[in-house]
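>>> After the sequence you'll find the predicted model.
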Amino acid sequence: MADLTDDVELVRASRQAWGALETVHVLSYFAEEVTAAFVALGLRPRLSYFAARSAAFGAVGPEVPTATFYVFAPWLHAKALPSSWSAASPEQVQQARRDSIGVVLGRVLGDVPEAELGELLALVRTACEGLTPQGRPLYAAHSALAWPDDPRVALWHAAGLVREHRGDGHIAVLLAAGLDPVESLVLNGLFARNTGFLKATRGWTDEEWAAGEERLVERGLVADGALAEEGVAFRKGLERDTDRLALEGWAHLGLEGTRRVVELATPLRQRALDSGILPGWTSSRRT
């Protein structure tokens, strides 16, 4: 079999496909209906994220998401878990997540033609059939969950599998590059222009953030509070390596199928951006 990691066109198309699907999937992290469903179970609004994303592992403690989410301060995980499981079981959290995102997607994607939605779902499910779990703990946990019956929620689930598979690979890339969680966040914030959001949500102190930035200055990646030229190239290299590690599902689907995913999912991405649910930086981040 040819080395598909060298197929520039497939890498480009796969990144576009992931980007469109990612924008639809992350609605579940920002939509008020989803947070309200978790609060109704007895979870705390900010900390419900940790229960929701780790519920696929079962009633785990803070160590598992500390390892697999990577970039959050450990105290946030410890505050959320295992206490969340005394309010609701992982199964209840998963069901509330699916039910509530179904409501959100009904509003955002409700008038998408069934034929187009069905075709897109079939293509992305085919891509998911090519994903493997080795070295991918978050993907592996979510891949064991049953597929939803609602096609919109099933598409959201498929996008989540693609997301977590890619994210697991991204962490491997960060580790290979010698980047700790704070350094990874500083680089990403400067690159994607979302530093304020990351500082507000990832739990690190100003002192920890400043120390991480100083370590990047010493490596020649950051200068005067911005990415140095070498830092931009370095960050783009991390993304390229991540894209290549994420390629197996798209290689299974094939180039034409991946391009068709881009064609069908891009309008859905725009609907998600136009919904007003997502932060403004999601529409303008640098890739």
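Ah, there it is.

>>> Would you map the strands across the stretch 151-287 of the chain?
Secondary structure of the stretch 151-287 of the chain (DSSP state E, counting those that start in this stretch): strands at 222-223, 226-227.

>>> Looking at this protein, which helix is longest?
Counting residues, the longest helix found in the chain (DSSP state H) is helix 151-176.

>>> list the contacts for the closest residue in space to S89 that isn't next to it in sequence?
Leaving aside its chain neighbours, S89 sits nearest to A59 (7.1 Å; criterion: C-beta to C-beta, 6 or more residues apart in numbering). In short, each C-beta sits where N, CA and C put it, glycine included. A59 sits next to P82, W85, S89, P90 when contact means C-beta atoms under 8 Å, 6 or more residues apart in numbering.

>>> how far away is A59 from A52?
Relative to A52, A59 is positioned 13 Å away (C-beta to C-beta, to the nearest Å).

>>> From the contacts of A59, list the buried ones, please.
In the contacts of A59, burial by neighbour count holds for W85, P90, counting by 16 or more other C-beta atoms under 10 Å.

>>> Among the contacts of A59, which ones are in helices?
Counted as lying in helices by DSSP H, out of the contacts of A59, are W85, P90.

>>> Of the contacts of A59, which pair is most distant in space?
Greatest spacing in those, by C-beta to C-beta: P82 and S89 (11.5 Å).

>>> List just the nearest of the contacts of A59 to V11.
When the contacts of A59 are compared against V11 (criterion: C-beta to C-beta), the nearest one is P90, at 35.3 Å.

>>> just checking, the closest one touches G58?
Yes - between P90 and G58 there is a contact under C-beta atoms under 8 Å: 5.5 Å.

>>> so can I have CSV of the contacts of A59 showing pLDDT and distance to R259?
Below are the contacts of A59 laid out as CSV (pLDDT from 0 to 100; distance: C-beta to C-beta, whole Å):
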residue, pLDDT, distance to R259
P82, 97, 44
W85, 98, 43
S89, 98, 41
P90, 98, 37
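
>>> quick one, what contacts the nearest residue to A141 once chain neighbours are set aside?
Leaving out its chain neighbours, the residue that sits closest to A141 by C-beta to C-beta, 6+ apart is A56, at 3.9 Å. Shown in contact with A56 (C-beta under 8 Å, 6+ apart): P90, Q94, L138, A141, H142, A144, L145.
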